[in-house]
Structures are given as C-alpha cells and as structure tokens.
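J.: sequence and predicted structure below; questions after.
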Amino acid sequence: MTSDVQETVEKKAQAQGTVVIFGGSGFIGTHLIKLLCTEGYSAVVSVDRRSPKERISGVTYISADVRDLSQFDIAGPISTIYNLAAVHTTPGHPTHEYYDTNVAGASQVVTFARRKHVGTIVFTSSISVYGPGEETKSESSVPAPESAYGWSKWLAEGIHRDWLSESDDRKLVICRPAVIFGPGEGGNFTRLASLLKKGFFVYPGRKDTVKACFYVEDLVDALHRAKDLDRPYVLFNGCYPDRYTLEQIVEAFRTRHFPAVRTFEIPLWVMLTAAKVLRPISKLGLGIHPDRVMKLVRSTDVVPDWLKAEGQATPGRLPSALERWSAGSDGRFV
C-alpha cells in the first residue's frame, strides 16, 4: 500500500469514529482487532474483563465487565460496536452464568450504544440457537435451542433486534458462528489436533457427524464485509458451505499434517462409559467429558445461505484453512 493510499485509509477510519470491541481479548476479538488495524482503523478500543494474551500496537485496552456498564464511558464519537463478549464453553459453567453475561451483557451493551448514539452494532450469536440435529439448517430455519448457551444467545439476539427497531438510522449485523478454529482457539479443533499429534483418533460410534466450521480469519473478514454493506440488517451463519463430516475433518488434518495417524471406531456406549469413569480427573487436562463425547455424535448441520448469496462461500476451503493455521502456529496447531 502506498503512503498516499495509507493516509487516505487512515483519514477515512478516523472520520468514522472509534470502533469498540466488547470481548476484544478473546480468540475472535484478537483476530478482528488485527484485521481492523490492517484496514487502517486507528481508533480501536478493546473492552474485556480479561487481560489480552496479545497486545496489538495502537489499540487501547480497557478493563470492564459487560454485566455492568453503568459507569463505563469512552470519550468522543463511536462509529461501531462489536459485541463479542460471551460465556460460551460447554460444558464448563453453571447455567446462570450464560444468562448473566450473554443476556444481561447484551442489554448493557445496547444501553451503552443508546447513551453514546452508536449507529452500528455487530453481534456474534451462535449456531447453538438452532439446536443440534441431523437436519440441515440455514438462516431461515426456526431456532430451537436446547442448551443454556443456545437460549442465552437467542435471547441476546432479540435484545439487539429491539435496539435496531428503535430507529431507522441504525444498522445491525448478527452472525451465528459455527465451530471457529485457528491460532489461539484452544477449543474443539485444538483438542482434535492434540489427539492427532499423539498418533491416533477414536470415532465414538460414527464417522459421518456433520460439523459446521469456519477459520477465524474467514469469520472476521465476513463480519467486516457485512458491516460495510449499506443494509440496515444482516443475519448470517458463519461457516463453510461444504457440510464437512467429522471423518472429512480428520482426514483433512491427516492428509497434509499428520499422515501417520491411525483411526479407530468403537461403540458409543464404550466411549460414554469411559468418559464417565474418567470424568473426575478430566480437569487435569485429559479433556474427557460425556458431553464432549456426545458433541462428536450430534451433528451441527448448518449451511451459510447468506454468504452463498453474496458470493462469499467458496467450497473446499478447509484444507487451505488448516494450511494457514499450520503456518500461523509453526505447525503446532495452537
């Protein structure tokens, strides 16, 4: 980028006002901030109760809790709020914590947006609002959450939509991300990679479980593109269009990165029995939990119809996403 172009981009970003990311210290927030800085946004504020694992030069980091923003303020105009703050790990939290942060937090964020006259909010919900199941779901499917996490995200969507309905000059983007993976994730794909590093993987009774997924850089790019559209409301599923099965995901890892891995399939009841026996020591890092085993046999069969309509859902991107992750983590997949 030439110096003249860079100056133009920076002036445009400054004219747009401050961008505030609630939950900016998290996995997705960190990657979003990197994208915004690359795009020339010079006034970026990350708000989180956790300290960032990675501090990005030029970004203002503020410690605050979305459950209470009554005394929170940021000087000057704010152009956009990204609400990424959430309690999301399942299993892992008492039921009330999902509602305290995801629902009450959403109410606090939109109240802050009203107070500061913010015109644009981007909110990350979850495909958990659809509930698990073998039928394919798109943005037009009726939500049917089953977990506290899914319900809390569905209620939080409604809070954001209520904010949108209050004025014709507001803009709202709601993304329902699938399993998001990449550098710094520490979740499902990281645990899968850790198992494959050990040279084996065990399928619990089936290999054809559909697992919607998306690389983190592809997600934040989609969020950014949707926000820049001249449309008052966008709802989209953040995932690839391929409907990848668990076996296809494992084989994508194995083909280029872990060729020596051996796979086995054993009955589900055996896996569940072992998980229940070992559950008391799962906190030691074994990652064995009956609920995690069940995740491997319950499909999250979600398709991104909106991304496809926008020409942003190119098939066959999982292998290249794993290549990018490998390159970004020196082959460690962390």
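T.: Arrived safely.
J.: got the CA positions of the helix or strand where Ser320 lies in CSV?
T.: Assessed by DSSP states H and E, Ser320 sits inside helix 318-328. The C-alpha trace of helix 318-328 is given here as CSV (Å, rounded to 0.1, in the frame of the first residue of the first chain):
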residue,chain,number,x,y,z
LEU,A,318,-10.9,-26.4,4.8
PRO,A,319,-7.5,-27.8,3.6
SER,A,320,-6.2,-24.3,2.9
ALA,A,321,-7.5,-23.1,6.3
LEU,A,322,-5.6,-25.8,8.0
GLU,A,323,-2.5,-24.8,6.0
ARG,A,324,-2.9,-21.2,7.2
TRP,A,325,-3.3,-22.4,10.8
SER,A,326,-0.2,-24.6,10.5
ALA,A,327,1.8,-21.7,9.0
GLY,A,328,0.5,-19.3,11.7
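J.: mind listing residues that contact it?
T.: Contact with helix 318-328 is made by 181-183, 213, 215, 217-218, 240, 242, 244, 248-249, 252-253, 255-257, 333, as judged by Cβ atoms under 8 Å, 6 or more residues apart in numbering. The C-beta positions use only the backbone N, C-alpha and C, and glycine is treated the same way.
J.: buried set for it?
T.: Judged by neighbour count using 16 or more other Cβ atoms under 10 Å, the buried positions of helix 318-328 are 318, 321-322, 324-326, 328.
J.: now for those: which two are most distant?
T.: Using Cβ to Cβ, those span at most 15.5 Å, a distance reached by Leu318 and Gly328.
J.: quick one: Val179 from Ala212, how far?
T.: Relative to Ala212, Val179 is positioned 7 Å away (Cβ to Cβ, to the nearest Å).
J.: of the two, which one has the most company?
T.: Ala212 (26 against 21; other Cβ atoms under 10 Å).
J.: tell me which element Asp208 is part of?
T.: When the helices and strands are read off by DSSP H and E, none of them contains Asp208.
J.: tell me how many other residues crowd it.
T.: 12.
J.: wait, isn't it in contact with Thr245?
T.: Yes. Taking contacts as Cβ atoms under 8 Å, Asp208 lies within contact range of Thr245: 4.9 Å.
J.: which residue ranges form the strands in the stretch 201-334 of the chain?
T.: 213-215, 233-238, 262-266, 300-302 (DSSP state E, counting those that start in this stretch).
J.: strand partners (parallel or antiparallel) of the first one?
T.: Each strand that strand 213-215 pairs with, and the sense of that pairing, follows from DSSP bridges: strand 179-181 (parallel).
J.: what's in contact with the helix or strand just after the partner strand?
T.: The first helix or strand that comes after strand 179-181 along the chain, using DSSP H and E, is helix 188-197. Residues outside helix 188-197 that contact it (Cβ under 8 Å, 6+ apart): 179, 181, 201, 213, 249-250, 253-254, 257-258, 261, 287, 292, 295, 333-334.
J.: counting neighbours, what do you get for Arg161?
T.: Neighbours around Arg161, by other Cβ under 10 Å: 15.
J.: re the thing from before, I'd like to know which of the buried residues of helix 318-328 is nearest to Asp301.
T.: Set against Asp301, the nearest of the buried residues of helix 318-328 by Cβ to Cβ is Leu318 (15.5 Å).
J.: what about Gly119, how many neighbours?
T.: 17.
J.: and the helices in this protein?
T.: Secondary structure of the chain (DSSP state H): helices at 3-15, 27-38, 95-102, 104-115, 148-165, 188-197, 216-228, 246-256, 268-278, 290-295, 305-309, 318-328.
J.: ok, which of those comes nearest Leu84?
T.: helix 27-38 (5.0 Å).
J.: what's the spacing between the helix holding Ser320 and its chain's center?
T.: Distance, stretch centre to chain centre, for helix 318-328: 17 Å (Cα atoms, centre = their mean, to the nearest Å).
J.: same thing with stretch 35-48?
T.: Offset of stretch 35-48 from its chain centre (Cα atoms, centre = their mean): 18 Å.
J.: how long is it end to end?
T.: 18 Å (Cα to Cα, to the nearest Å).
J.: low-confidence regions, the stretch 201-334 of the chain specifically.
T.: 269, 271-272, 274-275, 277-295 (pLDDT under 70).
J.: repeat for the stretch 1-150 of the chain
T.: The low-confidence ranges in the stretch 1-150 of the chain, as defined by pLDDT under 70, are 1-16, 89-92.
J.: what's the local residue count around the nearest residue in space to Leu219 that is not next to it in sequence?
T.: Nearest residue to Leu219 in three dimensions, chain neighbours excluded: Gly238, at 4.9 Å (Cβ to Cβ, 6 or more residues apart in numbering). Gly238 is flanked by 29 other residues according to other Cβ under 10 Å.
J.: pretty sure Gly238 sits against Pro304.
T.: Yes. Assessed by Cβ under 8 Å, Gly238 is found in contact with Pro304 at 7.1 Å.
J.: follow-up on the earlier one: please pick the buried ones from the contacts of helix 318-328.
T.: By 16+ other Cβ under 10 Å, the contacts of helix 318-328 give 181-183, 213, 215, 217-218, 240, 242, 244, 248-249, 252-253, 257, 333 as buried.
J.: next, count neighbours for the residue nearest to Gly26 when sequence neighbours are not counted.
T.: Spatial nearest neighbour of Gly26, excluding adjacent residues (Cβ to Cβ, 6+ apart): Leu84 at 6.2 Å. A count of neighbours around Leu84, defined by other Cβ under 10 Å, yields 27.
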